[in-house]
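A.B. asks: Just a sequence and a predicted model for now, questions to come.
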Amino acid sequence: MTTARRRPAGEADGDVTAGAGQATHVRTTGRRPTQRAAPPTQPGRARVTVEALVAVEPPREVRLHPRDRFVAYTSTAAGARQLFLLPFRGGYPVQLTASEKNAADPQWSPDGRRLAYVREDQLHVIEADGGRDVTVTTAAGLKAPRWSPDGGRLAFIARPRGWSQVWLVDAPVPRRGRPARDPKPPVPVPVTPTGVDIEDVVWLADGRTIAVVASRPPHHATAEIHLVDSKSGEERQVAGGPDEWASGPRPLPDGGLLYATDRDGYFQVVRLSADRRERVVLTSGDRDHGELSGAPGFAALPSPDGRRFVHIEIHDGLADLVVAPTEGATPPKRGRGRPPKNRPAIVAAGEGRVVNPWPGVWRACGWTADGAWIVAVGERDTAAQDVWLLPVPDVAPGGSKARQLTTSMPAVLTAAFADERRRPAERLAIRARDGLPLEGTIWRPPTATGKRGAPRVPAVLFAHGGPSAQSLRAFVPIKQLVVEEGFAAVDVDFRGSTGYGRAFRLGNIGEWGHADTFDMIDAARWVLDQPWSDGRLAIYGGSYGGYLVLCALVAEPGLWRAGVDLFGDSEIAESYRHGDRPGRLDLGRQMGSPDDPATTELFRRGSPVYRAERIEAPVLLLHGRKDKRVVPLMTERMVEALEIENKTHEVHWYDDEGHGWEKLENRRDALRRTIGFLKRHVLDEPDPGSAQAE
């Protein structure tokens, strides 16, 4: 990030213009804020600060060595995400890569001697001792490298032709003897056609078949799982369809497959037999046991012997890890006669056991080779993500306890987040104006008890991105910062969110910026009625959440004191035409095409830029110049409309960022700007060093 001009601490509000490519614009309304004392700090109490929170670098993309020797993960070092190895039995982590470009998605080879990983659009293979790092191939949008069971080939997803296709390439062999004088680079070949967008890929146990998850034309409305012959390219659909979203295929040792499906209204885990003729539903109940993307950590994982599996169970903003049997549950007896060609699934859910040691957001990363332990990552609102080793009931030695393998929280933050210093999170449960149940989570300052005589506080409502996502009770620095500054933080899972079943997830089809916006407004009105609320509200969000910020500001202008929009849409028809293909598909499956006369009015209704004159609250807009999902044009158009209407706003651009903040200095800057903006416009605190502050 480069800034041509920063406003000095004592400079008065007014029109401020920086150099090309980096600007801050301010419009003021003439309202004089009243001074308010900062939130009281107990003597000696550890403070939660921007500097401390940005210093937290948790391990991500955790992958267990095939023989339990190391845990590979990525973490930021020297300004980019690097690949690290942590000895499984104890010791210090070793940094394996050193580059100015991010490393992502490490994958162990079956023999454990090498790791495949992605560096921007390049597929790399590096030896476990770091001695040799080979660039295998380069392709646009390259992601998800996956080793064949024999280690001879690598499958990956790339978009050189505009669609996400699966490609195969010969894997480089471990170095032996003198290298060839004129080595021939391996040539990738596609195994799936154009016109189909592949979201996930995994090898089956036979080493020839690949399971792929894709959204398919013409509507791309759901996800299907197809089995693809890696030699002939022949495909066979095994799950998903017009009324079913299937995700997260994972191979079973016997040649079968585990996957998640929302066929009954909630994501359940299904076992597909090796002959593809029998399906057994292994979970049940009105909770999601999987997730749309089926990404690592959210997909069910079978044990090495295939007798058990571990899966997530989502409830109350939490994700538990549950171990259950893949065999042993008694299926109902079949009737007489020839079985039908397409057999219905059998529901034979066995009893599962929660294995995480405390409530939080947990994801499974792998099983140890003996099937006695699960490597997982866990986090909660007061603790960042760390790697844990969880014992499997009835398999691990008696008396085994969960063990934490990494510690990502600095000691100063561990003290600041001690239970006795923070009020525990509370669940929100209300009904929207049309009767739809809504849930969320609330964090309040310790003094905001709601009792008579206790201080009342303002609140910041948080709208998550997606929209097909959920506000899990994970470690989110901005929420902890606003509580530290004397606000209540309120998560709201508006209609369209995941974690509440298919019907709720599809609740904003055709309703972008409308019904989901009213959900946020209804939650805000509920907050105003609480005894701990002082009546001042702000709204914050990124991506789709940033879009909802703008929608809420124009839908109910008198409700808000401030809004913070991070890289959000402002005109969704233009976003459809200018954004990248994954974002366009997501918008299209939920809103249709803006070129269809039947949807033209819905797209305009859901575009807040056309109603900017209604906005009353000051707005902070932050955006990356390299964003391809929500292109900078979206913020440029909104800023133009705000300037025309002479609305109070600030905008800041990050020249070196895409859809979100990768660089530490940008994360720090965005947090500081946000907190400063909220304090000025909600708490009525003057700028430090200004005449009013004196």
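C.D. replies: Ah, there it is.

A.B. asks: partners of the residue nearest to Asp264 when sequence neighbours are not counted in the sheet?
C.D. replies: Among residues not flanking Asp264 along the chain, Val281 sits closest, at 7.8 Å (C-beta to C-beta, 6 or more residues apart in numbering). Placement of C-beta: from N, CA and C, glycine included. Under DSSP bridges, the beta-bridge partners of Val281 are Val270, Val347.

A.B. asks: Quick check: Val281 vs Pro410, distance?
C.D. replies: 44 Å (C-beta to C-beta, to the nearest Å).

A.B. asks: So between those two, which is more surrounded?
C.D. replies: Remark: of Val281 and Pro410, Val281 carries more neighbours, 20 against 15, as counted by other C-beta atoms under 10 Å.

A.B. asks: Which single helix of the protein contains the most residues?
C.D. replies: helix 664-681 (DSSP state H).

A.B. asks: hey, what's Trp147 bridged with?
C.D. replies: Applying DSSP bridges to Trp147, the residues it is bridged with are Leu154.

A.B. asks: likewise Ala319?
C.D. replies: Bridge pairing for Ala319 - DSSP bridges - gives Ile314, Val361.

A.B. asks: That one contacts Trp362, correct?
C.D. replies: Yes: with contacts counted by C-beta atoms under 8 Å, Ala319 reaches Trp362, the gap being 5.5 Å.

A.B. asks: intersection of neighbour lists for these two?
C.D. replies: Common neighbours of Ala319 and Trp362 (criterion: C-beta atoms under 8 Å, 6 or more residues apart in numbering): Ile312.

A.B. asks: shaky segments in this structure?
C.D. replies: By pLDDT under 70, the low-scoring segments of the chain are 1-46, 174-183, 328-350, 688-694.

A.B. asks: the helices in it, which residues?
C.D. replies: With helices called from DSSP H, the chain shows them at 50-54, 411-416, 477-484, 502-505, 515-528, 544-555, 572-578, 581-591, 600-605, 633-644, 664-681.

A.B. asks: list the contacts for Gly606?
C.D. replies: Glu511, Trp512, Gly513, His514, Cys551, Ile572, Met591.

A.B. asks: before we move on, could you check phi and psi at the closest residue to the second one other than its chain neighbours?
C.D. replies: The one in question is Trp512. Closest residue to Trp512 in three dimensions, ignoring its sequence neighbours and counting by C-beta to C-beta, 6+ apart: Gly606, at 4.3 Å. Gly606 adopts backbone torsions of phi -90, psi 20, taken as degrees, to the nearest 10.

A.B. asks: Tell me how far Gly606 lies from Trp560.
C.D. replies: 19 Å.

A.B. asks: on that earlier part again, columns neighbour count and distance to Val134 on top of the contacts of Gly606, output as a markdown table?
C.D. replies: Conversion of the contacts of Gly606 to a markdown table gives the following (neighbours: other C-beta atoms under 10 Å; distance: C-beta to C-beta, whole Å):
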| residue | neighbour count | distance to Val134 |
| --- | --- | --- |
| Glu511 | 21 | 49 |
| Trp512 | 25 | 45 |
| Gly513 | 27 | 48 |
| His514 | 15 | 51 |
| Cys551 | 29 | 48 |
| Ile572 | 25 | 43 |
| Met591 | 22 | 44 |
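
A.B. asks: Appreciated, that's everything.
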